[in-house]
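[1] give me a 3D structure for the following:
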Amino acid sequence: KPTIMIKYPSTKKVPTTETFGDVEVTENYRWLEDPNDPLVKEWVQQQSNFTKEYLQNIEFVDKVKDSMTEIYDYPKQGNYWKEHNSLYFFKNDGLQNQSVLYKTSSLDSEAQIFFDVNAMSEEGNLSLKALSFSKNERFFAYSLSTSGSDWSEISIKTVNEDDELADTFNECLKWVKFSDIVWTHDEQGFFYNKYPEPETDDSGTEIDSALNSSVYYHRIGTSQDDDIHVFSDPENPTNLFSTTVSEDGNYLLLSISESCDPENKVYIHTLTNSILSSDDIEFDQVIDNFEASYSYIANDGPVFYFLSNLDAPRYRVISLDMNNPQTINEVIPESENVIDIVSLVNNNTLLVKKIRDAQDILEIYTSYSNYDSQVDLPVGICITSVYSRKEDNFAFIKFSSLLTPGTIVKLNLENGEAKLEAIHKTNVKGFDDNLYRCDQIFYKSRDGTKIPMFLVGKKEVMDSNELKPVYLYGYGGFNISLLPYFSALNLIWLRNFNGILAIANIRGGGEYGKEWHQAGTKDRKQNCFDDFKSAAMYLCEEGISEPSLIAIVGGSNGGLLVAACANQSPDLFGCVLCQVGVLDMLRFHRYTIGHAWTSDYGNSDFPEEFKYLYNYSPVHNVNKIATYPSMLICTADHDDRVSPLHSYKYIAELQNEIGTKEDQKNPLLIRIDVKAGHGAGKPTTKIIEEKAECVSFIAQCLGIQFTEE
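    From the prediction side, this is the model:
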């Protein structure tokens, strides 16, 4: 464990005062917000060099990297899906930087590489953001992102190389963000989302608020300048849009959201055989309020089926006629388990994925509404994907668990009888899941609320009476459920450090529906921190661990979680890993897409919301009289989701206010990844390097050693 005081690179203080209502707030590091400032670039380089040297000097970091590289080197296959008459799936042979898209005519046929983004970038920092095939599989449109940025560019190619139009498409659609690619069934073009071009030479590093999204229709073979404007809302520039073309191809559905809250409007445009033009795109405002969530499932003519939380906090399936949208019909009622995803198959059969105590189950409903059966899948799993189509009598299902790398099954529904067929099972070389165990426990939070938590480790470690090092992970926000997913890299913590992985399903997530989510938002956000701290206290009270052996880990909203917990109870943890965190709660809504997060956090521009944000904002609440645990703050230079300025300002506060104290021996560092973003699209080499350095940092700071296996 660290035993000497550390001298950090200097960070100058430049006091800046801003008034929120009648409260003046002074901060010292706003100058770090400008990524183009030469002084900021110099500061970033100094911090990066300092942290790099520290991490490289951890005695076992190279062994951890080698072990992670070895265990990650196994074939990883995604679920199958069908396009017209072909099957597609993603596969990574082991250590490829990006997964490769394969094509095959059947499950029994040999698959061929269809699209390999690795061949387009030596660095591996080019990634596939979205893809879409035209109705009859003639054309393939795809968007590529560089360095993990949310920006992407759309290109088009023919599926068959001998197509008469092969190599004729040279258009590249720029300034695409938060967008799907949605073809019309005539294969003439597609809908997509576009933002105004930013004023920067290095897209992905800008901090300007993402405003004025627009929906466009692109006709293939034409210039982007000729694209047809479909929809925008200049009076509400923060609104977000997504589009869907109905299963029968007759309707365009436009979903409009104000924020990340599960609430949206639904507008529907009837597509005609005429060529789309700016004159004929008129929408029926079927749902014109933000009172509930509506996710399109299917339609029979003008009757549409939606997954909705309207009068159903745990969701239900409803139907409505677009000609009489005021009348809502219940198709599948709300139950004690949250309905998460609904897929259509076999004409009118619904596959309904539900969450029961943070674990997935799958039910079958015939004729849309008649319960038939529960699919016979293992207990304690996370269903990572369900693929089905209305015209098929089968579905592909992929699931995993904390100790199961991935299994793909085919659900056959011929003759009205559900039968499962094993298709593919992923195996990790050298990993024997029989040596490990996963338990789910429930503990009480500060206010008595029962919180589920998964605990995973070697059986012999789990059964031992000795105190154990714990990697405690949480998120708690935006209605996102933490389900029992598999990560090979976590195995190094379990296997070589004899540690425990703990995943706490705290409030703010979607594990128990709308009420569970809202209990961790706005002026109730403190519940998230209390739930997470209570998890650590449970581990100590039950004799599983002690504060000096507990590392808390979280990313994005989870980064806020662990930073706030560190500020509030620094003596409860031995180490904190804060990844791409939202840390300035007074100004987050002014950067990039931060305005969409006010639904969970609130907005400091409003006096009542300012009060609670100011009370926990990590940048503004560093505990200046406390000794902090070891802390590693991780960010990336092209993170245009949560700008690195959050991490810059927080680490400056920590180093200047805490790091200068004689009793602060624990390191306070920032790791800044280059040519990387918020996480999506990160190449395998960077994933392994970051995970290895972070786990090594945690292990060293907790005082545990790497053991060979």
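[2] for this structure, just list every one of the helices.
    Assigned by DSSP state H, the chain shows helices spanning 38-56, 61-72, 459-463, 490-496, 514-518, 526-541, 557-568, 598-601, 607-616, 645-653, 684-702.
[3] nearest to residue 403, of those helices?
    Closest of the helices of the chain to residue 403 is helix 490-496, at 9.1 Å (criterion: C-beta to C-beta). Bear in mind the C-beta positions are built from the backbone N, C-alpha and C, glycine included.
[4] so for the closest one, mean pLDDT?
    Helix 490-496 carries an average pLDDT of 97.
[5] same question for stretch 314-323.
    Stretch 314-323 comes out at a mean pLDDT of 96.
[6] now do the end-to-end distance for that stretch.
    27 Å (C-alpha to C-alpha, to the nearest Å).
[7] can you tell me what sits against that stretch?
    268, 284, 286, 293, 297, 302-310, 327-340, 342, 350, 352, 368-369, 512-514 (C-beta atoms under 8 Å, 6 or more residues apart in numbering).
[8] so where is the stretch 51-200 of the chain shaky, pLDDT-wise?
    Within the stretch 51-200 of the chain, the set of residues satisfying pLDDT under 70 is empty.
[9] and the strands in it?
    Along the stretch 51-200 of the chain, counting by DSSP state E, counting those that start in this stretch, strands occupy 76-77, 81-83, 86-92, 100-104, 112-115, 126-133, 139-146, 151-158, 173-177, 182-183, 189-194.
[10] same check, this time on the stretch 251-400 of the chain
    251-257, 265-270, 284-287, 294-300, 303-308, 316-321, 324-332, 338-345, 349-356, 359-366, 370-374, 382-388, 394-401.
[11] can you redo those as TSV with distance to residue 690 and mean neighbour count?
    Shown next, in TSV, are the strands of the stretch 251-400 of the chain (distance: least, C-beta to C-beta, whole Å; neighbours: other C-beta atoms under 10 Å):
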stretch	distance to residue 690	mean neighbour count
strand 251-257	31	21
strand 265-270	39	20
strand 284-287	42	18
strand 294-300	33	20
strand 303-308	35	22
strand 316-321	41	21
strand 324-332	42	14
strand 338-345	29	22
strand 349-356	29	22
strand 359-366	28	20
strand 370-374	39	13
strand 382-388	22	20
strand 394-401	22	22
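[12] of those strands, which is nearest residue 108?
    Using C-beta to C-beta, the strands of the stretch 251-400 of the chain put strand 394-401 closest to residue 108, at 14.5 Å.
[13] residue 116 and residue 105: what is the separation?
    19 Å (C-beta to C-beta, to the nearest Å).
[14] nope, residue 292 is what I was after
    Applying C-beta to C-beta to residue 292 and residue 105 gives a distance of 43 Å.
[15] what sits against residue 399?
    So residue 399 contacts 360, 377, 378, 381, 382, 383, 384, 406, 407, 409 (C-beta under 8 Å, 6+ apart).
[16] for it, give the beta-bridge partners.
    For residue 399, the beta-bridge partners are residue 383, residue 407 (DSSP bridges).
[17] quickly note the distance from it to residue 341.
    13 Å.
[18] swap in residue 352?
    For residue 352, the distance to residue 341 - C-beta to C-beta - is 8 Å.
[19] likewise for residue 529?
    Counting by C-beta to C-beta - residue 529 and residue 341 are separated by 29 Å.
[20] again, but for residue 72
    From residue 72 to residue 341 the distance is 28 Å (C-beta to C-beta).
[21] same check on residue 11?
    With C-beta to C-beta as the criterion, residue 11 and residue 341 are 46 Å apart.
[22] can I get the helices of the chain in JSON lines including mean neighbour count and distance to residue 24?
    Converted to JSON lines, the helices of the chain look like this (neighbours: other C-beta atoms under 10 Å; distance: least, C-beta to C-beta, whole Å):
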{"stretch": "helix 38-56", "mean neighbour count": "15", "distance to residue 24": "25"}
{"stretch": "helix 61-72", "mean neighbour count": "19", "distance to residue 24": "45"}
{"stretch": "helix 459-463", "mean neighbour count": "14", "distance to residue 24": "52"}
{"stretch": "helix 490-496", "mean neighbour count": "23", "distance to residue 24": "45"}
{"stretch": "helix 514-518", "mean neighbour count": "19", "distance to residue 24": "32"}
{"stretch": "helix 526-541", "mean neighbour count": "22", "distance to residue 24": "24"}
{"stretch": "helix 557-568", "mean neighbour count": "27", "distance to residue 24": "21"}
{"stretch": "helix 598-601", "mean neighbour count": "23", "distance to residue 24": "22"}
{"stretch": "helix 607-616", "mean neighbour count": "17", "distance to residue 24": "11"}
{"stretch": "helix 645-653", "mean neighbour count": "27", "distance to residue 24": "18"}
{"stretch": "helix 684-702", "mean neighbour count": "22", "distance to residue 24": "37"}
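[23] closest to residue 152 out of those?
    That would be helix 684-702 among the helices of the chain, by C-beta to C-beta, at 18.6 Å.
[24] between residue 292 and residue 105, which one's more packed in?
    The neighbour comparison of residue 292 against residue 105 (other C-beta atoms under 10 Å) goes to residue 292, with 19 against 12.
[25] pLDDT wise, what is the more buried one at?
    Value for residue 292, per-residue pLDDT: 98.
[26] same question, residue 201
    72.
[27] so residue 597 makes contact with residue 260?
    Yes. Between residue 597 and residue 260 there is a contact under C-beta atoms under 8 Å: 6.0 Å.
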